[in-house]
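Asker: Need a 3D model of the sequence below.
(2 chains)
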Number of protein chains: 2
Amino acid sequence: MPIDIRTAATLAASAYRCPLGSSSSSPSPAAARSIFATLPSAAAAAAAALLRPTRSASIHLKPRCDFLCSLAITRTSSFVPRPPPCSSVRWTKRTPLRPTAISAARSAPWSIAARYLASAATVGPSSSTPASDPQTKNSAISSFFLDALSNMSSSSAPASSPSAAKKLKVAIIGSGNWGSAIARIAGINTERHSDVFEKDVLMYVYEEEIKGKKLTQIINEEHENPKYLPGVKLPAHVRAVPSATEAAQGAHLLVFVLPHQFIGSVCKELKGKVDPSARAISMIKGVDVRDGDIRIFADVIEEALGVDCSALSGANIANEVAQDKFSETTIGHREGERGRESAELFFRLFDTKTFKVGMIEDVAGVSLCGALKNVVAIAAGFTDGLGWGDNAKAAVMRIGLMEMKRFSEEFFKGVKPETFTETSAGIADLITTCMGGRNRKCAEAFVKTGKPFDQLEKELLNGQKLQGTETAREVHEFLKARGKVDEYPLFRAVYSIAYEGFDVQDLTSKL
Amino acid sequence: MPIDIRTAATLAASAYRCPLGSSSSSPSPAAARSIFATLPSAAAAAAAALLRPTRSASIHLKPRCDFLCSLAITRTSSFVPRPPPCSSVRWTKRTPLRPTAISAARSAPWSIAARYLASAATVGPSSSTPASDPQTKNSAISSFFLDALSNMSSSSAPASSPSAAKKLKVAIIGSGNWGSAIARIAGINTERHSDVFEKDVLMYVYEEEIKGKKLTQIINEEHENPKYLPGVKLPAHVRAVPSATEAAQGAHLLVFVLPHQFIGSVCKELKGKVDPSARAISMIKGVDVRDGDIRIFADVIEEALGVDCSALSGANIANEVAQDKFSETTIGHREGERGRESAELFFRLFDTKTFKVGMIEDVAGVSLCGALKNVVAIAAGFTDGLGWGDNAKAAVMRIGLMEMKRFSEEFFKGVKPETFTETSAGIADLITTCMGGRNRKCAEAFVKTGKPFDQLEKELLNGQKLQGTETAREVHEFLKARGKVDEYPLFRAVYSIAYEGFDVQDLTSKL
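Answerer: Alright, predicted model coming up:
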């Protein structure tokens, strides 16, 4: 059912936070016309895109919104909109469309035009007005435009349109607990957004035998990963392959989600075999430490393969995500147009109703959150073991978050403080990690049993290395080489207690 | 034992983050001299204050640091310093002492001079360098100077010095669970800092009978509040009185810590009886709602009594604080010199080794954190009741924190975003409230039992009103009157579920 100009005006005005002139949710046609007269051009274009191409619509819109409206109107046939999901978003300034965006949009296919519209409408908060939520701001805008426009293209674009030839192929490099959960979501979304993605998703599985049968074979026959994500069905079009090269060949979007000790060998294998215009995203936990330097894995991948690499991290316990329990996550992307485009494509690949993706221009911050939080979780586990109560635990988490932020800002370029204090990758993931999780658990046991960490690793983690103590040591050595150990008293306390026999009762004595 | 110039130089340089020229922790006398030559004057003065007045010290210091050094040197006799507690603090700019500060310090007693020094040294972070932790920055500076200077004055100032006549009298207005815990800390600190405070603390107790005996009598005889803080001894010099007027009369520092329903009548009683130069601090939970407006209690007190009023809030479960388990708290203070002075005096009154006080210039933000967190705790309790897991709970807490921040910035002046995202009053208190606490508990029971909140209040809280649902309703009516309900989807969902019969399964459907 087509919508009328009043609804379109209301939707656009509300999406852009334009004053409606009254609190009425459905203005009169006259009021709607005057709303259009004051809308910024991007908002008017969005409104136009929601409208059937009627003569009256073009009379109101065309003079105001130049070619973008006519573009929208002439391409739209019929379209049932859903309410914009950006009701909690505010724009605090309005910028006119940039000329480059306009000329690019003029000749671009719908999905590209939408991205230009979205980026033209995205402006930072001004300091005198309330700031928006960085976790949801960009995603809400993108979601609004991309949904609107892909709905239109699927209902109106001919099957032989050029965009059909450009469907994007997705490869998941890794198939552990988190890899399997994320492959499931990617598979759901390649089918849902079949205008953007090729439906089939290849997943690289490190081959092993389960009860005499190959793991790839089990996954492809039973559509389940019984070893790492038992009890959860994967879409049938997620296909397991035992070779990273096979999975990555011809892929436009590469999702790296494997334990960090394998990233070096996989990158070596893939070198020269990946399309240089492909885009990668790293979901790898931890940091790469070599020759006294700390690097994030997105940089390692970008350098090894020569492709743009984003990062994804958040409060994402894999089993909960696999069961479609509500959660959020954060994509950290690179600077500039291409970085933003990558983020929007990965947003499209992962965002669902129960897995909400936010975006922020900060690859390093998002990556470092995922590594440093484990050091703080050790400290939080110590307070649990000591029975110090909720005040102490919350204080240690707060102080830890501040050290994470300060460390990242001091030693990495382009880190944004709000990545730590406001996104799912930052504060939310810290909360889940300090409430549950193996780091917290082992640290509590360390205090209660008096056993050393290497023994607890054997007893509680089947000999796996504990990430928190490992990262604490790496960070300590990094800081020591720079004479800055004392500037991070919580990091130092965790290291000293875990490795130097310091009394855990002194955890907060230097804070 | 007096310290030498090398140690003094190192301490001062480290407190002020001045480059030492090498990583050696104890520079040679020659290096120490050159350090002094480059120290900003406030740092040099602090170093001088740590030194015995030797001829060589004055040779190095006097030409550089003018009267402040000589002031420090001539007043110092001997002093054993402790390492500066500000090792995690960084100053990113150095400001010269303001002329007004210098002339004020010239004639002021030690405690005032220290405050001027501290305020002169307090500068905000520059945007190009890592930001400091707002929770600890100011407190670390104040703690360093005040400790150094009060130690000096207690060892060297004659008993008949003018500062002896200016000792500050403290009154605690309230004696519940939190009031008793805070009275205990105040009593410990008035004794510890007997140069600043009168030792005796009067505590207003709403008189009631416990087993035939008056509560004031029990407290004064047994030094314990058996009704609200059983098992914890209060200092003997904390004296209970049954009249707010008696407690407040002649007091220089007034601590308001009573249930919000009593604040109106107590202010009415005290009107005109409080020294207009006194300073107040509000630890009252919640907000004052009248005629569709929301006000913080610090403003209510300030208006009623005509005295400067700060606010204190944080991750402070009273019983844990009373047992000296580690925790942090935040003082929000008013603008300007007087606001900062008030905060520093209350800092001195409350800060201990296990109760760490931070300061931020934001009375409204600190107050609103303490009220709005309870709405978020209801939402967090819903996720617990639904069994949605840690991801969902952390996401709801993050989204709630963003709505708290945005609401406060939109409707209150001078609110700082970092109060919400970085201090104990903000993120840390939200964590404790969403992990334990009655709001979370009742909301969980609401989902699991299907009973309405008023019934749960009777069953679980002995008929006390639940703060979270109450505040959710107040905030909802406030937003509704302004046509902004939809801009705060989590606040709205909590209201709709608690009062409008919305399905709790839809908690996150609009997020």
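
Asker: list the contacts for A:P235?
Answerer: Neighbouring residues of A:P235 by CB atoms under 8 Å, 6 or more residues apart in numbering or on different chains: A:184, A:187-188, A:191, A:201, A:223. In this view, the C-beta of every residue, glycine as well, is placed from N, C-alpha and C.

Asker: Unless I misread the structure, it falls within a helix.
Answerer: No: the assignment for A:P235, made by DSSP: H, G, I helix; E, B strand; the rest coil, is coil rather than a helix.

Asker: Chain B versus that one, what's the distance?
Answerer: Distance, A:P235 to chain B, by CB to the nearest CB, to the nearest Å: 21 Å.

Asker: Just give me the neighbour total for A:K211.
Answerer: Burial measure for A:K211: 6 neighbouring residues, criterion other CB atoms under 10 Å in any protein chain shown.

Asker: So what does it look like in phi/psi?
Answerer: phi 50, psi 50 (degrees, to the nearest 10).

Asker: Against A:M203, how distant is it?
Answerer: According to CB to CB, to the nearest Å, A:K211 and A:M203 sit 21 Å apart.

Asker: again, but for A:E403
Answerer: In terms of CB to CB, A:E403 sits 37 Å off from A:M203.

Asker: returning to what we had before: check the contacts of A:P235 against A:G387 and report the nearest one.
Answerer: A:R184 (39.8 Å; CB to CB).

Asker: correct me, but that closest one touches A:A322?
Answerer: Yes: judged on CB atoms under 8 Å, A:R184 makes contact with A:A322 at a distance of 6.2 Å.

Asker: Most widely separated two among the contacts of A:P235?
Answerer: Longest span within the contacts of A:P235, CB to CB: A:E191 and A:H223, 13.6 Å.

Asker: For the two, indicate the residue with more neighbours.
Answerer: A:H223 (18 against 15).

Asker: Please report the number of neighbouring residues for the closest residue to the more buried one other than its chain neighbours.
Answerer: Excluding the flanking residues, the one nearest A:H223 by CB to CB, 6 or more residues apart in numbering or on different chains is A:L234, at 4.9 Å. By other CB under 10 Å, 27 other residues sit near A:L234.

Asker: Repeat that for A:G292.
Answerer: 11.

Asker: And it, how close does it get to A:V170?
Answerer: From A:G292 to A:V170 the distance is 37 Å (CB to CB).

Asker: For stretch A:241-254, list every residue counted as buried.
Answerer: A:241, A:244, A:247-249, A:251-254 (16 or more other CB atoms under 10 Å in any protein chain shown).

Asker: Skipping adjacent residues, who's closest to A:M404 in space?
Answerer: Per CB to CB, 6+ apart, closest to A:M404 is A:L372, 4.2 Å.

Asker: Tell me which helix or strand comes right after the strand or helix carrying A:V447.
Answerer: A:V447 is part of helix A:438-449, with elements assigned from DSSP states H and E. Sequence-wise, the next helix or strand downstream of helix A:438-449 (DSSP H and E) is helix A:453-461.

Asker: packing partners for that following helix?
Answerer: Contacts defined by 3 or more CB pairs under 8 Å, 6 or more residues apart in numbering or on different chains; DSSP states H and E place helix A:453-461 against helix A:438-449.

Asker: anything in the helix it packs on near chain B?
Answerer: No: with CB under 8 Å from any CB of the partner chain as the measure, helix A:438-449 is seen stopping short of chain B, the closest distance being 11.3 Å.

Asker: quick one, that helix and helix A:453-461 angle?
Answerer: Inter-element angle recorded for helix A:438-449 and helix A:453-461: 120 degrees (by axes from the mean of the first three to the mean of the last three CA atoms, to 10 degrees).

Asker: which outside residues touch helix A:438-449?
Answerer: Contacts of helix A:438-449 (CB under 8 Å, 6+ apart): A:374, A:377-382, A:384-386, A:433-434, A:451-453, A:456-457, A:460-461, A:466-469, A:498, A:504.

Asker: Could you confirm A:C309 falls within a strand?
Answerer: Yes: A:C309: assigned to a strand according to three-state DSSP.

Asker: how near is it to A:T136?
Answerer: Distance of A:C309 to A:T136, computed by CB to CB: 23 Å.

Asker: swap in A:N439?
Answerer: Counting by CB to CB - A:N439 and A:T136 are separated by 28 Å.

Asker: Only alpha carbons, please: show stretch A:204-222 as CSV.
Answerer: The C-alpha coordinates for stretch A:204-222 follow below in CSV (Å, rounded to 0.1, in the frame of the first residue of the first chain):
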residue,chain,number,x,y,z
TYR,A,204,36.8,-22.6,6.7
VAL,A,205,36.9,-25.5,9.1
TYR,A,206,40.2,-26.8,10.6
GLU,A,207,39.7,-30.5,9.7
GLU,A,208,39.4,-32.9,12.6
GLU,A,209,37.8,-36.3,13.1
ILE,A,210,34.7,-36.7,15.4
LYS,A,211,33.9,-40.3,16.1
GLY,A,212,35.6,-41.4,12.9
LYS,A,213,33.9,-38.8,10.7
LYS,A,214,35.3,-35.6,9.3
LEU,A,215,34.0,-32.4,10.9
THR,A,216,33.4,-30.7,7.5
GLN,A,217,31.3,-33.7,6.5
ILE,A,218,29.3,-33.6,9.7
ILE,A,219,28.6,-29.9,9.3
ASN,A,220,27.6,-30.2,5.7
GLU,A,221,25.3,-33.1,6.3
GLU,A,222,23.8,-32.2,9.7
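
Asker: contact partners of it?
Answerer: A:171-175, A:203, A:224-227, A:234, A:238-244, A:246-248, A:258, A:262, A:266.

Asker: Give me the subset of these lying in strands.
Answerer: Counting by DSSP state E, these place A:171-173, A:203, A:238-241 in strands.

Asker: Strands along chain A, start to end?
Answerer: Counting by DSSP E, the strands of chain A are A:168-173, A:197-204, A:209-210, A:213-214, A:238-241, A:253-256, A:279-282, A:288-290, A:293-295, A:308-313, A:327-332, A:355-360.

Asker: Tabulate the ones you listed (CSV), appending mean pLDDT.
Answerer: Converted to CSV, those look like this (pLDDT from 0 to 100):
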stretch, mean pLDDT
strand A:168-173, 98
strand A:197-204, 98
strand A:209-210, 94
strand A:213-214, 97
strand A:238-241, 98
strand A:253-256, 98
strand A:279-282, 98
strand A:288-290, 91
strand A:293-295, 95
strand A:308-313, 98
strand A:327-332, 98
strand A:355-360, 97
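
Asker: residues touching the residue nearest to A:M404, list them.
Answerer: For A:L372, counting by CB under 8 Å, 6+ apart, the contacting residues are A:403-404, A:407-408, A:471, A:475.

Asker: Output these in TSV; the columns should cover neighbour count and pLDDT.
Answerer: Compiled in TSV, the contacts of A:L372 are given as follows (neighbours: other CB atoms under 10 Å in any protein chain shown; pLDDT from 0 to 100):
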residue	neighbour count	pLDDT
A:E403	26	98
A:M404	27	98
A:F407	24	98
A:S408	25	98
A:T471	26	96
A:V475	26	97
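
Asker: Could you let me know which of those ends up closest to B:L349?
Answerer: Taking CB to CB as the measure, A:E403 is the one of the contacts of A:L372 closest to B:L349, at 28.2 Å.

Asker: Surely that closest one and A:V494 touch.
Answerer: No: look at A:E403 against A:V494 with CB under 8 Å: they stay out of range, at 10.0 Å.
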